[in-house]
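>>> need the 3D shape of this:
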Amino acid sequence: MLEKNWEMPVTVVQKFEPNEYVAACWGVACDVSWANWYEQSNGYWDRGNVSHASDHCGNSSNQVIFDYDDNGVGDAMIETRTDGLGNLECTIYNDAFETEIQPADVKIGQLIYWTTSSGNRTWHHKGMVTATAEGHPNRS
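Residues are numbered from 1 along each chain as shown. Modelled structure (predicted):
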C-alpha cells in the first residue's frame, strides 16, 4: 500500500544579500568644447590624438568619483569606458590645473578640473560634479 503524507504549505522569506558591494559614487561630465579648446590652445592637441568626445568623457558616467565605504567622502576618481585605454586614474584640481586636490575634497555641485594620462598623452578636463552617474542611477 502506498502511503501519502500531507505537508502543510509554508512560505519562506529570504533576506536579500548582494553578492558584491556597489560603491556610492558621483559622476562628472567633461565640458568637451572647453577641453578641446584647452588642448588646442596649449599645444596638447597632437593632431587630434588628445581630443574629447561627448560619447566618452562628455558622459558623466565615464568619470566617476567612488565612495567605497559609503561615508559621503570620495575615495578615488576613475575615468571608465575610455576609447580602448581601459580605466584611467584621474588627478583632480580645484582650478585650471594649478592646485591638486584629493577625491575626499570634492563635493557635489563643485566645478573641478582633472587630468587623465596614458603613455605620453595627457587629457585636460573640466566639469561639474553630479549626485549620480548619468545612465547609472543605481550605481550610487
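
>>> ok, His52 to Ala29 distance?
11 Å (CB to CB, to the nearest Å). To be clear about C-beta, it is placed using only N, CA and C from the backbone, and glycine gets the same treatment.

>>> what do those two both touch?
Common neighbours of His52 and Ala29 (criterion: CB atoms under 8 Å, 6 or more residues apart in numbering): Gly58.

>>> for the lengthiest strand in the chain, packing partners?
Longest strand of the chain, by residue count under DSSP state E: strand 121-130. The contact analysis (3 or more CB pairs under 8 Å, 6 or more residues apart in numbering; DSSP states H and E) places strand 121-130 against strand 24-28, helix 32-41, strand 63-67, strand 111-118.

>>> the third one pairs with which strands, and in what direction?
Here strand 63-67 has these sheet partners by DSSP bridges: strand 24-28 (antiparallel), strand 76-79 (antiparallel).

>>> rank these by pLDDT, which is bottom?
Among the strands paired with strand 63-67, strand 24-28 carries the lowest mean pLDDT, at a mean of 87.

>>> so Gly109: helix, strand or coil?
Following DSSP: H, G, I helix; E, B strand; the rest coil, we place Gly109 in the coil state.

>>> how about the helices and strands packed on strand 121-130 in TSV, adding distance to His124 and mean neighbour count?
Compiled in TSV, the helices and strands packed on strand 121-130 are given as follows (distance: least, CB to CB, whole Å; neighbours: other CB atoms under 10 Å):
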stretch	distance to His124	mean neighbour count
strand 24-28	14	24
helix 32-41	5	17
strand 63-67	13	24
strand 111-118	6	19
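
>>> can you redo those as JSON lines with distance to Asp95?
Shown next, in JSON lines, are these (distance: least, CB to CB, whole Å):
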{"stretch": "strand 24-28", "distance to Asp95": "16"}
{"stretch": "helix 32-41", "distance to Asp95": "13"}
{"stretch": "strand 63-67", "distance to Asp95": "18"}
{"stretch": "strand 111-118", "distance to Asp95": "7"}
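
>>> closest one to Thr130 among these?
Relative to Thr130, the nearest member of these by CB to CB is strand 24-28, separated by 5.1 Å.

>>> for the closest residue to Thr115 other than its chain neighbours, list the residues it contacts.
Distances taken as CB to CB, 6 or more residues apart in numbering put Thr91 closest to Thr115, at 4.9 Å, once the chain neighbours are dropped. For Thr91, the contacting residues are Glu100, Trp114, Thr115, Thr116, by CB under 8 Å, 6+ apart.
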